[in-house]
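Engineer: Let's see this in three dimensions:
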Amino acid sequence: MTTALSIPIVPVAQSKLKGLLLENLPFGKYFSDHMLEADYVDGKWTSVSIRPYASLSLAPSVAALHYGQAIFEGLKAYKDQQSRPFIFRPHDHFVRFNISAERMQMPTVPTEIFMDGMLQLVKLDQDWIPAFPDHSLYIRPLMFSTDEVIGVRPSDSYKFMIFLSPTGPYYSAPMRIWVEEKYVRAVSGGVGYAKAAGNYGGAMYATAQAKLRGYDQVLWTDPDEHKYVQECGTMNVFFIIGNRAITPGLKEGTILGGITRMSVMTLLQGMGLTVEERKLGMNEILDAFKSGELREVFGTGTAATVSLIKELCYKEEILQFDIKKWEVAPALKEKLAAIREGELADTHGWMVPVI
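Structural biologist: Numbers count the residues shown, from 1 in each chain. Just a heads-up that it's a prediction; the model follows:
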């Protein structure tokens, strides 16, 4: 991929990287030297630039703070065995970002700003990509409304940005999951399929209640019967039942179409499993558990890639799993890491070089 848009760059006077050890950094706590910024004004994108990472000055009346027109993405850059920088499936994130924009009545971001801008930004700050196993440079594109006015309507102006955060391995322990039957993440016709900021804010209360019960996250269910599974926390979820890998389908628009989800489905098929995208009820899951057919349960997402689930609590039923015997989820996690870090050939065209 080549860049087509020449973006003005204002470099930092001195890099923050000096003296910072990029090994085992916590997720989302440190940020690289530069960020990309663009404004949507009078029906067009303007003022595209890359400049030093810095705070923003916002009026209290900025529309995003009141009416929630805000979306984002999350993807990662890696270094291969020759220390060359690559981004994992950036075009898929670009497509999903604009799907979110359309749903939230926001302008779409053109390829030359999102993709070319991202490549130039990562190229500029490529020294921030940790050259260690299970490490990466997290990339956060976002857009929010910027009209300084009180009134419930789509904004006329917006700000688009990309900034970067080096991170170490995301070693999340196997999770205990509470199957949620009261609170709802998304409904058919809603914004569940969009990566809108409000989806995450609205999920925090139910998650906090689950943690008070001793659980790590919630498994969201449908709003009508509370028995069909949707997402697990902020991740997509997979159930290995016999020789089938089952994940909730996307047709109802209640589930975010994860890029890691897409990748895992491809790898599962390569491992000889039948992948099914469909409605999956807790009764079917309970029956599979009792018959011994439910082999593994795991979540997928950008941060942890594949996160093991060791327990589900549904009504009075507690489903516990011996994760030491699992084969599928650990193999998926290992294979994805090997592709991203250049140890295994990328036969799917997922890794885009930063050139």
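Engineer: Next up, the contacts around residue 169.
Structural biologist: 24, 133-135 (CB atoms under 8 Å, 6 or more residues apart in numbering). (Each C-beta comes from the backbone N, C-alpha and C, glycine too.)
Engineer: what separates stretch 175-191 from the chain centre, distance-wise?
Structural biologist: 17 Å (CA atoms, centre = their mean, to the nearest Å).
Engineer: for the record, mean pLDDT for it?
Structural biologist: Taken as a whole, stretch 175-191 has a mean pLDDT of 97.
Engineer: Quick check: buried residues in that stretch?
Structural biologist: 175-181, 183-186, 190-191 (16 or more other CB atoms under 10 Å).
Engineer: Pull out the buried positions in the host helix or strand of residue 91.
Structural biologist: Residue 91 belongs to helix 90-103 when assigned by DSSP states H and E. Within helix 90-103, the residues that qualify as buried by neighbour count (16+ other CB under 10 Å) are 90-94, 96-101, 103.
Engineer: and what of stretch 214-222?
Structural biologist: 215-222.
Engineer: In PDB, could you pull the C-alpha coordinates for the helix or strand where residue 263 lies?
Structural biologist: Here residue 263 is covered by helix 259-270, with elements defined by DSSP H and E. Only the C-alpha atoms of helix 259-270 are listed here, as PDB (Å, rounded to 0.1, in the frame of the first residue of the first chain):
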ATOM      1  CA  ILE A 259     -12.000  -7.900  13.100                       C
ATOM      2  CA  THR A 260     -10.400 -10.400  15.400                       C
ATOM      3  CA  ARG A 261     -13.700 -12.400  15.200                       C
ATOM      4  CA  MET A 262     -13.400 -12.500  11.400                       C
ATOM      5  CA  SER A 263      -9.800 -13.600  11.700                       C
ATOM      6  CA  VAL A 264     -10.600 -16.300  14.200                       C
ATOM      7  CA  MET A 265     -13.400 -17.700  12.000                       C
ATOM      8  CA  THR A 266     -11.000 -18.000   9.100                       C
ATOM      9  CA  LEU A 267      -8.400 -19.800  11.300                       C
ATOM     10  CA  LEU A 268     -11.100 -22.100  12.800                       C
ATOM     11  CA  GLN A 269     -12.100 -23.300   9.400                       C
ATOM     12  CA  GLY A 270      -8.400 -24.000   8.600                       C
END
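Engineer: Quick one: list the elements packing against it.
Structural biologist: Applying 3 or more CB pairs under 8 Å, 6 or more residues apart in numbering; DSSP states H and E, we find helix 259-270 packed against helix 90-103, strand 236-241, strand 244-247, strand 274-277, strand 294-301, strand 305-314, helix 328-340.
Engineer: Tell me the strands beside the fourth one, with direction?
Structural biologist: Paired strands of strand 274-277, with direction, are strand 244-247 (parallel) (DSSP bridges).
Engineer: residues making contact with the strand it pairs with?
Structural biologist: Here strand 244-247 has contacts from 236-240, 261, 265, 268, 273-278, 280, 328, using CB under 8 Å, 6+ apart.
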